[in-house]
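Fold the following, please.
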Amino acid sequence: MNEIKTTSSLIEKFSYDEEQRVLHIHFRRGGHYGYAEVTPEKFAAFQVAESHGKFFLAEIKPHHQFSKYENPDKK
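Alright, predicted model coming up:
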C-alpha cells in the first residue's frame, strides 16, 4: 500500500488495501482510521476528487464502518 499525501486541511494522507477493501486515512489533527468495504471504484473517485475532505465527508464517512488504529508515530 502506497501512502498518498494530500493538501487537504482534513486529511494528511491515505492508502488503500484493495484485497481487504479498506481505505486507510490519517487525519491532520491525529488519528488513523480504516474504512471498510470501500470498492475500488469508490477509491478511484476519492483519489481524483477535487476535494478529498468533501468527498470523504459525503461519500465515505456516512456509508462505511470504521476502525480506529493506534498510531505510535504521532505524539
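
residue ranges for the helices of the chain, please.
When assigned using DSSP state H, the helices of the chain occupy the ranges 40-48, 52-55.

Most tightly packed of the ones you listed?
Highest mean neighbour count among these (mean count of other CB atoms under 10 Å): helix 52-55, with a mean of 17. Backbone N, C-alpha and C define where each C-beta goes, glycine included.

which residues of the chain score low on pLDDT?
Along the chain, segments meeting pLDDT under 70 span 71-75.

Strands along the protein, start to end?
4-5, 11-17, 22-27, 32-35, 66-69 (DSSP state E).

Which residue is the nearest non-sequential neighbour of the most centrally placed residue in the chain?
Among the residues of the chain, I25 comes closest to the average C-alpha position under CA atoms, centre = their mean, at 3.1 Å. With CB to CB, 6 or more residues apart in numbering as the criterion, I25 has its nearest non-adjacent residue at 4.9 Å, and that residue is F14.

Which of the helices of the chain sits closest to G31?
Closest of the helices of the chain to G31 is helix 52-55, at 14.1 Å (criterion: CB to CB).

CA atoms of that closest one as CSV?
The C-alpha trace of helix 52-55 is given here as CSV (Å, rounded to 0.1, in the frame of the first residue of the first chain):
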residue,chain,number,x,y,z
HIS,A,52,-10.6,14.8,-0.6
GLY,A,53,-12.2,16.2,2.6
LYS,A,54,-15.5,16.9,1.0
PHE,A,55,-15.6,13.6,-0.8
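
packing partners for that helix?
Packing partners of helix 52-55 (3 or more CB pairs under 8 Å, 6 or more residues apart in numbering; DSSP states H and E): strand 11-17, helix 40-48.

Ok, which of those comes nearest F56?
strand 11-17 (6.4 Å).
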